[in-house]
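> Have a look at this fold, sequence not included:
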């Protein structure tokens, strides 16, 4: 299996982005899995232009995008991306779309095609806090997840794809009192487990991952 894993560059006045800090520490191979690692811009238009080019050039079996979700406690595997950009802040190019469809010919939403519940189960089994997330937000993380799944469907590609959000790491919360974080080494290990689980499960397991609200 060949998996393409992306992490975003820093944004919103942060000096680092834990997504890329973790992704770049992944090995080039894991068991019999080839891992291709790339940084993509935290910018609405540029991010998917870069991603589409990487997909075309590398022909992966799986694409896994990683992003920062400062304020979340655990490793969250996204279930769905929606066809809307509604940015709280401008991206790294100074662009701030509001209530704008990502693709005018796109569906309302796309679901991850990764074994999201199996990933959560394997992470929890290894004492790493993880859960299903039912919103990837409306910033560049949701944007790239939606664009990825849109591109796969539009071009009828035999690729599985999805998105994982990770918390801040220790270095980022020095001046953010009472803000949750996760050690970078734990995030890297969680990504390794996630990748191995993606390889193991072509179909997700049937367990509850729902919420009451």
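Received the coordinates, thanks. These numbers were taken from a predicted model, which means no experiment stands behind them.

> Contacts for stretch 39-48, please.
If you take Cβ atoms under 8 Å, 6 or more residues apart in numbering as the criterion, stretch 39-48 is touched by 6-11, 17, 20, 23-24, 50-51, 54, 65, 85, 87, 91-93, 95, 97, 140, 143-144, 147-148, 151. In this view, the C-beta of every residue, glycine as well, is placed from N, C-alpha and C.

> Produce a ChimeraX select command limited to the buried residues of those residues.
With 16 or more other Cβ atoms under 10 Å as the criterion, this ChimeraX line picks the buried residues out of the contacts of stretch 39-48:
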select :6,7,8,9,10,11,17,20,23,50,51,54,65,85,87,91,92,97,140,143,144,147,148,151
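
> I'd like to know which of the contacts of stretch 39-48 are part of strands.
6-8, 65 (DSSP state E).

> Out of those, which comes closest to residue 135?
Closest approach between the ones in strands among the contacts of stretch 39-48 and residue 135, by Cβ to Cβ: residue 65, at 15.4 Å.

> ok, back up a step: out of the ones in strands among the contacts of stretch 39-48, which is nearest to residue 192?
Closest to residue 192, out of all of the ones in strands among the contacts of stretch 39-48 and judged by Cβ to Cβ, is residue 7, at 14.4 Å.

> Give the bridge partners for that closest one, please.
Beta-bridge pairing for residue 7 (DSSP bridges): residue 39, residue 66.

> so what's it up against?
Residues near residue 7 by Cβ under 8 Å, 6+ apart: 17, 19-24, 37-40, 66-67.

> same deal with residue 59?
Contacts of residue 59 by Cβ under 8 Å, 6+ apart are residue 2.

> Let me see the confidence value for it.
Per-residue confidence (pLDDT) for residue 59: 98.

> Could you do the one 5 residues further on as well?
Looking at residue 64, its pLDDT reads 98.

> The nearest residue to it once chain neighbours are set aside and residue 145, how far apart?
Residue nearest to residue 64 in three dimensions, not counting chain neighbours: residue 5, with 4.9 Å by Cβ to Cβ, 6 or more residues apart in numbering. Computed as Cβ to Cβ, to the nearest Å, the residue 5 to residue 145 distance reads 14 Å.

> Check residue 191 too.
16 Å.

> And for residue 92?
Separation of residue 92 from residue 145 (Cβ to Cβ): 18 Å.
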